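**Student:** Need coordinates for the following:
(one chain, ligands or ions: 1)
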Amino acid sequence: MLKAVFPGSFDPPTLGHLNIIERAAHIFDELVVTVAENRQKKYLFSVEERVGMIRALVQDRGNISVEVCDCLIVEFMKSRGLNLLVRGVRGTDDFSYEFELSMMNRSLNPRIETLFMTTDPAYFVLRSSAIKELAWFQGDISGMVPPLVEEALRRKFPVP
Ligand code: ADP
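**Tutor:** Residues are numbered from 1 along each chain as shown. Below is the predicted model of the structure:
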């Protein structure tokens, strides 16, 4: 039984995140998407909102679950007996960051295996932070996020 974890902030979830989630759910028997709750960070969407959006987006997939992670991901994984960690990579900048992160996680727990999935070319420019900025300026984000996320962003940033 191959069970993997896909951690992230998902503030908000984008089509790029969803693409990785769907592809990983095809490879692994079970995929746990963990939504980060870090009190030091300022999120646009609450952890409940982020979990709710991802749950709604993956509700048809029986092998995907969504949970909150408010500790180090290695601790979360240890508590569940999990050791496969999936990360999405958009390009070389992402890779160097993700590579260092994977080294750090491995030094914290040598049993952790990080698996990198390259983005689909259709989504390689998608970044939650840029999408929020675009939404704030009332830009067209329809090809970047699922409709329910687009609506949630419109509610956060109503037309003035
Ligand atoms: P971000 O603000 O970069 O979207 P997250 O913490 O929400 O940050 O990202 C969670 C994971 O999803 C990371 O491994 C990140 O590299 C990956 N990811 C984010 N956007 C994409 C994308 N467009 N394509 C592939 N992977 C992505």
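**Student:** From now on I want contacts and neighbour counts done on CA atoms only, so please keep to that.
**Tutor:** Noted.
**Student:** hmm, who's touching the least confident helix or strand in the chain by mean pLDDT?
**Tutor:** Ranking every helix and strand in the chain by mean pLDDT, DSSP states H and E puts helix 92-108 at the bottom, with a mean of 94. If you take C-alpha atoms under 8 Å, 6 or more residues apart in numbering as the criterion, helix 92-108 is touched by 74, 87, 89, 112, 113, 114.
**Student:** I'd like the residues you listed laid out as JSON lines, including distance to the ligand, secondary structure and neighbour count.
**Tutor:** Converted to JSON lines, the contacts of helix 92-108 look like this (distance: C-alpha to the nearest ligand atom, whole Å; DSSP: H, G, I helix; E, B strand; the rest coil; neighbours: other C-alpha atoms under 10 Å):
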{"residue": "74", "distance to the ligand": "15", "secondary structure": "helix", "neighbour count": "20"}
{"residue": "87", "distance to the ligand": "4", "secondary structure": "strand", "neighbour count": "23"}
{"residue": "89", "distance to the ligand": "5", "secondary structure": "strand", "neighbour count": "21"}
{"residue": "112", "distance to the ligand": "15", "secondary structure": "coil", "neighbour count": "19"}
{"residue": "113", "distance to the ligand": "14", "secondary structure": "strand", "neighbour count": "17"}
{"residue": "114", "distance to the ligand": "10", "secondary structure": "strand", "neighbour count": "21"}
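**Student:** picking up where we left off before, which parts of the least confident helix or strand of the chain are buried?
**Tutor:** Buried residues in helix 92-108, defined by neighbour count with 16 or more other C-alpha atoms under 10 Å: 95, 98, 99, 102, 105.
**Student:** With distance to residue 141 as added columns, please give those residues in CSV.
**Tutor:** As requested, the buried residues of helix 92-108 are exported to CSV (distance: C-alpha to C-alpha, whole Å):
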residue, distance to residue 141
95, 25
98, 26
99, 30
102, 31
105, 34
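**Student:** do you know how far residue 25 is from the ligand?
**Tutor:** 14 Å (C-alpha to the nearest ligand atom, to the nearest Å).
**Student:** What residues of the helix or strand containing that residue count as buried?
**Tutor:** Take DSSP states H and E as the rule and residue 25 turns out to sit in helix 15-27. Counting neighbours by 16+ other C-alpha under 10 Å, one finds that the buried residues in helix 15-27 are 15, 16, 17, 18, 19, 20, 21, 24, 25.
**Student:** Give me the spatial nearest neighbour of residue 88, chain neighbours excluded.
**Tutor:** residue 117 (4.9 Å; C-alpha to C-alpha, 6 or more residues apart in numbering).
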